[in-house]
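>>> my questions concern the predicted model and sequence given below.
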Amino acid sequence: MDRYIKTPITKEVTADLKCGDYVYLSGTVYVARDAAHKRMMEALEKGQELPFDLKDAVIYYMGPSPAREGRPIGSAGPTTASRMDKYAPVLLDMGLKAMIGKGKRSKEAVDAMIRNEAVYFAAVGGAGALLSKCIVKSETVCYEDLGAEAILKIEVSDFPVVVVIDSQGGNLYDLVLNQKD
């Protein structure tokens, strides 16, 4: 089923999404990868606040390339989500509602998604140049010293993703693997 949704994403929205749904996402999305996640965890361990509010937020696991002239961002393809799995449960417990990446997730990350009524979207790997056309604005939020791994705030318009893991734990990867010809 094709769905058009806007951020922020609430639990009422995630409750209605099912694995396999095609979603066109519009609104604010935060970009963070490994180094940014590590730095966020270090901040939390020191009792510091995070650089953006996680409540009903979306994080895209992406390492952008430099923007071409006249564009807000360069190629914007997903990176492997499992590298963020050791951080995901804490962020989900703090209110994160959706993640975008590619590849499978750990049992701990999936359990945290179910517990927090959150979802995991997949973006098409290898299609970063096409995905970047759906990004209408990009600005650095913090951790500029991390270069391409700094946290960005992007605005997306009809950004295409697929629900891979829904808020009830339905998993598109498992469904496909279990289908018989």
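That came through, no problem.
>>> okay, and the beta partners of the spatially closest residue to residue 165 that is not a sequence neighbour?
Counting by C-beta to C-beta, 6 or more residues apart in numbering, residue 120 is the residue found nearest to residue 165 once chain neighbours are left out, at 4.1 Å. The way it works is simple: take the backbone N, C-alpha and C, and place the C-beta from them, glycine included. Note on residue 120: beta-bridge partners by DSSP bridges are residue 99, residue 165.
>>> distance between the lengthiest helix in the chain and the chain's centre?
The longest helix of the chain (DSSP state H) is helix 34-45. Taking C-alpha atoms, centre = their mean, to the nearest Å, one finds helix 34-45 lying 16 Å from the centre of the chain it belongs to.
>>> over to stretch 26-46?
Using C-alpha atoms, centre = their mean, the distance between the centre of stretch 26-46 and that of its chain works out at 11 Å.
>>> endpoint to endpoint, it covers what distance?
34 Å (C-alpha to C-alpha, to the nearest Å).
>>> same check, this time on stretch 86-101
Start-to-end, stretch 86-101 (C-alpha to C-alpha) is 15 Å.
>>> go through that stretch and flag the buried ones.
For stretch 86-101, burial by neighbour count (16 or more other C-beta atoms under 10 Å) applies to 87-89, 91-92, 96-101.
>>> ditto for stretch 5-16
Buried, per 16+ other C-beta under 10 Å, within stretch 5-16: 5, 7, 9, 13-14.
>>> what's in contact with it?
For stretch 5-16, contacts defined as C-beta atoms under 8 Å, 6 or more residues apart in numbering pick out 3, 23-29, 55-58, 97-98, 117-119, 166-167.
>>> quick one: the strands in the protein, in order.
Residue ranges of the strands in the chain, as given by DSSP state E, are 2-6, 22-31, 58-60, 98-101, 119-122, 135-142, 151-165.
>>> output the contacting helices and strands for the second one.
Spelled out, that is strand 22-31. strand 2-6, strand 58-60, strand 151-165 (3 or more C-beta pairs under 8 Å, 6 or more residues apart in numbering; DSSP states H and E).
>>> avg pLDDT for the last one?
In other words, strand 151-165. Mean pLDDT, computed over strand 151-165, is 97.
>>> same thing with the first one?
Per-residue pLDDT values over strand 2-6 give a mean of 96.
>>> before we move on, what about stretch 14-23?
97.
>>> quick one on the thing from earlier: in JSON lines: the strands of the chain, plus distance to residue 41.
Listed next are the strands of the chain as JSON lines, based on distance: least, C-beta to C-beta, whole Å:
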{"stretch": "strand 2-6", "distance to residue 41": "28"}
{"stretch": "strand 22-31", "distance to residue 41": "15"}
{"stretch": "strand 58-60", "distance to residue 41": "13"}
{"stretch": "strand 98-101", "distance to residue 41": "15"}
{"stretch": "strand 119-122", "distance to residue 41": "19"}
{"stretch": "strand 135-142", "distance to residue 41": "14"}
{"stretch": "strand 151-165", "distance to residue 41": "13"}
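>>> thanks a lot, catch you later.
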